[in-house]
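Undergrad: Model the structure of this input:
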Amino acid sequence: MPLEMRRLVFRDSEMEEAITLTVRAEALRLAAEADRSGFSKVSLPDAKEKVLSVFVTSDDPLELVATLVAPSGRRTTRFFPNAELIYVLIAYCKVLKIPVARSAGKSLHRCKGGVALDLILRTWDAPEPAKKT
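TA: All right, here's what the predicted structure looks like:
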């Protein structure tokens with residue numbers, strides 16, 4: 001049965017933007033949850049943090065550590081395992097309106113100057129050839 005393969009290549013700058021958007025969205029979600037439940041926001045992440053640098057810690061599976069900086073200058077580091085990186089890139093694709101099939105197999109690979117998100121789809125089931133009698 002034939003397979004459809006797509007490769008989306010994200011430059012390092014796009015990877016940083018995708019992580020920044022995800023971290024900010026998580027911070028806003030946590031702040032909203034804290035407001036609803038009446039908890040203090042003292043220990044919540046800053047919704048204006050951005051990625052300062054990204055360091056690949058493992059190529060197989062692809063994992064990285066991002067250094068984030070808040071407007072106050074406070075720096076934090078965050079580890080992104082492979083599954084979370086895939087989530088980050090799929091969310092970024094949604095923002096950019098790039099379609100990603102839910103049923104596709106997904107894997108990440110380091111490539112020159114960026115990261116490749118490979119998508120593998122089973123496109124159709126070919127009919128069985130007729131048996132000769």
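
Undergrad: Quick check: bridge partners of L117?
TA: L8, L108 (DSSP bridges).

Undergrad: what's it in contact with, if anything?
TA: 7-10, 86, 89-90, 106-108 (Cβ atoms under 8 Å, 6 or more residues apart in numbering). Heads up, the C-betas are built off the backbone N, CA and C, glycines and all.

Undergrad: Write the PyMOL selection for whichever of these are buried.
TA: In PyMOL syntax, the buried subset of those is picked out as below (16 or more other Cβ atoms under 10 Å):
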select buried, resi 8+10+86+89+90+106+108
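
Undergrad: could the contacts of L117 go into CSV alongside distance to R24 and pLDDT?
TA: What follows is those, written out as CSV (distance: Cβ to Cβ, whole Å; pLDDT from 0 to 100):
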residue, distance to R24, pLDDT
R7, 27, 93
L8, 22, 95
V9, 24, 95
F10, 18, 93
I86, 19, 93
L89, 16, 93
I90, 17, 93
K106, 23, 93
S107, 26, 92
L108, 22, 93
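
Undergrad: in the chain, which helix or strand is least confident?
TA: One helix or strand of the chain scores below all others by mean pLDDT, DSSP states H and E: helix 12-37, with a mean of 82.

Undergrad: can you state the direction angle for the next helix or strand after it and helix 12-37?
TA: Sequence-wise, the next helix or strand downstream of helix 12-37 (DSSP states H and E) is strand 50-59. Interaxial angle, strand 50-59 versus helix 12-37 (axes from the mean of the first three to the mean of the last three Cα atoms, to 10 degrees): 110 degrees.

Undergrad: Listing partners with orientation, what would you give for strand 50-59?
TA: As defined by DSSP bridges, the strand partners of strand 50-59 come to strand 62-69 (antiparallel).
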